[in-house]
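# turn this into a model:
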Amino acid sequence: MAKILEASDLKLKFEPAYDNAQALLCPRCGSANLHHETVLSFHRAEEDGEVLMTRIEGAECIVNMPVNNLKNPSRRRGAVRVGFCCESCDKVGHVGVTLNIIQHKGVTYFEWCLVEA
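Model (predicted):
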């Protein structure tokens, strides 16, 4: 179960990296050593329609799996959830935080969530 971080921690934080890129920082400890472990994409063609999820984890990919809307970060439309493991404050290979990218009425929202062990 994921817990949304407090409003003061919701801001995405970055540090300069190479060329024009920026490194995304862990919302808990500020480390730039985040590894994306899982990517979930939620598709919903219409507001009350069925939610289909695509899951990518390592070399495994499951496409168009029907899921309960409670798993979708967006109550109305599509979303993407990226699970991260932080080298500084997570066990190796354990997703400790997720970044939700939520679409609603043409606006894209970002929100960090803690993953409870």
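
# so for the residue lying farthest from the centre of the chain, what's the pLDDT?
Relative to the mean C-alpha coordinate of the chain, counting by Cα atoms, centre = their mean, the farthest residue is Asp19 (24.9 Å). Looking at Asp19, its pLDDT is 86.

# can you check the one 5 residues further on too?
Per-residue confidence for Leu24 comes out at a pLDDT of 93.

# do the same with Arg55
94.

# same deal with His36?
91.

# what's the spacing between the residue farthest from the centre of the chain and Leu25?
Asp19 is 18 Å from Leu25, where distance means Cβ to Cβ, to the nearest Å. Backbone N, C-alpha and C define where each C-beta goes, glycine included.

# all strands in the chain, in order from the N-terminus.
2-4, 14-16, 22-24, 34-43, 51-57, 60-67, 79-86, 97-104, 107-115 (DSSP state E).

# residues near Arg44, how many?
Arg44 has 20 neighbours, counted by other Cβ atoms under 10 Å.

# next: His104.
Neighbour tally, His104, other Cβ under 10 Å: 13.

# how about it, what does it touch?
Ser74, Arg76, Arg77 (Cβ atoms under 8 Å, 6 or more residues apart in numbering).

# what does Val39 give?
Arg55, Ile56, Glu57, Val80, Arg81, Val82, Gly83.

# TSV for those, including neighbour count and distance to Glu47?
Shown next, in TSV, are the contacts of Val39 (neighbours: other Cβ atoms under 10 Å; distance: Cβ to Cβ, whole Å):
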residue	neighbour count	distance to Glu47
Arg55	15	23
Ile56	16	26
Glu57	13	28
Val80	18	18
Arg81	24	19
Val82	19	24
Gly83	20	26
